[in-house]
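Let me see the structure of the following:
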Amino acid sequence: MGVLRAEPARLGAATRAVGTAWRTYDWQLSVYALMLMTFGLVMAYSNSVHDGSSPLAMGTTFTRGVMWSGIAVVVFAAATAFDYKWLKTFAWPLYGLNLGLLVLSLAIGTGVGNSSRWITIPIIGMQFQFSELAKILMIIVLARFLSAREARLDSLSTILGAGLLMAPVVVLVMLQPDLGTALVLFAIVAGMLFMSGASIRWLAVLAAAAVAFVPVAWNFILHDYQKARLLSFLDPASDPQGSGYHLLQSQIAVGAGGLLGKGLTNGTQNQLDFLPVQTTDFVFAILAEELGFVGALVVFALFAALLWRVLASAWRSRDPFGTLFGAGLASLILFQLLVNVGMVIGIMPITGIPLPFITHGGASLITLALGLGILQSVNLRQTRAEW
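Next comes the predicted model:
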């Protein structure tokens, strides 16, 4: 009888534990991310109409976007259910896996020109960019490294250690070559060090050293087409049919949108195929043309709300790993948002950085879903009060 009476008590305790855990699930975080992903699908639909075929036909930008969105939801759910604390245990094997995947990309990857960025997945016959996944894997590794040195975050050795961990990954990415992703990786390590409380003095010294290294990178590392893209934003009109073409067409699209936009699928830059790479790097220009300033403002508001929830999740985490992971994820999203929109309107150089959730690309979306899922896993395993 004692056993029979005790069993409901254990079940009740387990039920209460599950209920308490799910009360810490950040529904706002998921809703904002889902709304941004919906904006991405809307733009994929518009770009599929531009392709001249039915948006619902197999192989269009829209149907591929729907497929990747479905996979992203599954990845998010799996990452949320997974106990993030195991990531701390396997951080160093994940670092090795990350390097291995980047080396594999160099060995068998394909891309435009002589680049080696995408690997075709045999089962589904679609391409995946492992340098996107490297962003989240490095946030995990750096969060593990920095959280283990919580008492020594202001020391130069910790800052240099984080930089040395990131260096091989950046080198492998630059060899692809992929300047945009390399810049995002720099932003991640800088953002995590800054928000972890690392010494501002040492960070400023290293930033000055990085600036001093720019002439070396310009003369010996960057390719000619990368230099042209970086310089085109200064005077795109000097080469309107060459290096300045992307930016000029992008600015025309943004300006043509006005307050309310021309309407979905009605953008001339989109439908008349004036704007290159409009499904990826320059998708924001099409969004501004068709949805106008109001549509762009809604997207910015959703990004601000999402970043608020990411930072709130990081702040309330009792585990330094969770706090640092949230800081890294926020750095990733914010940097890509600012640089992508900045290059579309001409206040930043063109570097090929995707707009989170909006840019069509399976690797980018899966990476973000994985990162947000891990953050929700952190939320579920905290006991602090909700914000």
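
where in the stretch 1-150 of the chain is pLDDT low?
Judged by pLDDT under 70, the stretch 1-150 of the chain has its weakly predicted residues at 1-22, 50-53, 112-114, 123-125.

let's see it at 80
Within the stretch 1-150 of the chain, the stretches with pLDDT under 80 are 1-23, 50-59, 110-117, 120-126.

now the strands: where do they sit in it?
Secondary structure of the stretch 1-150 of the chain by DSSP state E, counting those that start in this stretch: the strands cover 118-121, 126-129.

buried stuff in the first one?
Meaning strand 118-121. Within strand 118-121, the residues scored as buried using 16 or more other CB atoms under 10 Å are 118-119. (C-beta placed from N, C-alpha, C; glycine too.)

Check the last one too.
Within strand 126-129, the residues that qualify as buried are 127-129, counting by 16+ other CB under 10 Å.

In space, what's closest to residue 310 - neighbours in sequence excluded?
The shortest distance from residue 310 to any non-neighbouring residue, by CB to CB, 6 or more residues apart in numbering, is to residue 330 (4.7 Å).

That neighbour: neighbouring residues, count only.
24 (other CB atoms under 10 Å).

separation between the closest residue to residue 137 other than its chain neighbours and residue 133?
Of all residues not flanking residue 137 in the chain, residue 98 sits nearest, at 4.3 Å (CB to CB, 6+ apart). Separation of residue 98 from residue 133 (CB to CB, to the nearest Å) stands at 8 Å.

same thing with residue 233?
Noted for residue 233: a distance of 29 Å to residue 133, by CB to CB.

hang on, the earlier thing: spit out the contact partners of the residue nearest to residue 137.
Shown in contact with residue 98 (CB atoms under 8 Å, 6 or more residues apart in numbering): 133-134, 137-138, 141, 169.

quick one on the thing from earlier: so which of the strands of the stretch 1-150 of the chain gets nearest residue 27?
strand 126-129 (29.6 Å; CB to CB).

same for that closest one, what does it pack against?
strand 118-121, helix 362-380 (3 or more CB pairs under 8 Å, 6 or more residues apart in numbering; DSSP states H and E).

Least confident of those, on average?
Mean pLDDT is lowest for strand 118-121 among these, at a mean of 79.

contacting residues around that one?
Residues outside strand 118-121 that contact it (CB under 8 Å, 6+ apart): 104-105, 108-111, 126-130.

Could you point out the longest helix of this protein?
helix 283-316 (DSSP state H).

just how off-centre is whichever helix or strand comes after that one within its chain?
Downstream of helix 283-316, the first helix or strand assigned by DSSP states H and E is helix 320-345. Relative to the centre of its chain, helix 320-345 is centred 7 Å away, using CA atoms, centre = their mean, to the nearest Å.

Report the buried residues of helix 320-345.
Quick answer for helix 320-345 (16+ other CB under 10 Å): 320-337, 339-345.

Residues in contact with the strand or helix carrying residue 160: which ones?
Following DSSP H and E, one finds residue 160 within helix 156-174. Contact with helix 156-174 is made by 95, 98-99, 102-103, 105-106, 131, 134, 138, 141-142, 145-146, 149, 152, 181-182, 185-186, 188-189, 192-193, 198-199, 202-203, 206, 221, as judged by CB under 8 Å, 6+ apart.

Just the buried subset of the residues you listed, please.
Counted by 16+ other CB under 10 Å, these give 95, 98, 102, 105, 131, 134, 138, 141-142, 145-146, 149, 181-182, 185, 188-189, 192-193, 198-199, 202, 206 as buried.

Distance-wise, check residue 126 relative to residue 289.
Taken as CB to CB, the span from residue 126 to residue 289 is 28 Å.

oh, I was asking about residue 64
22 Å.

And residue 30, by the same measure?
On the measure of CB to CB, residue 30 and residue 289 end up 29 Å apart.

Settle it for me: which of these two has more neighbours?
Each of residue 30 and residue 289 has its neighbours counted (other CB under 10 Å); residue 289 has more, 29 against 18.

do you know how far that one is from residue 46?
Counting by CB to CB, the gap from residue 289 to residue 46 is 10 Å.

ok, the closest residue to residue 228 other than its chain neighbours - contacts?
Counting by CB to CB, 6+ apart, residue 228 lies nearest to residue 243, which is 4.1 Å off, once chain neighbours are set aside. Listed by CB under 8 Å, 6+ apart, the contact partners of residue 243 are 228-229, 231-232, 236.
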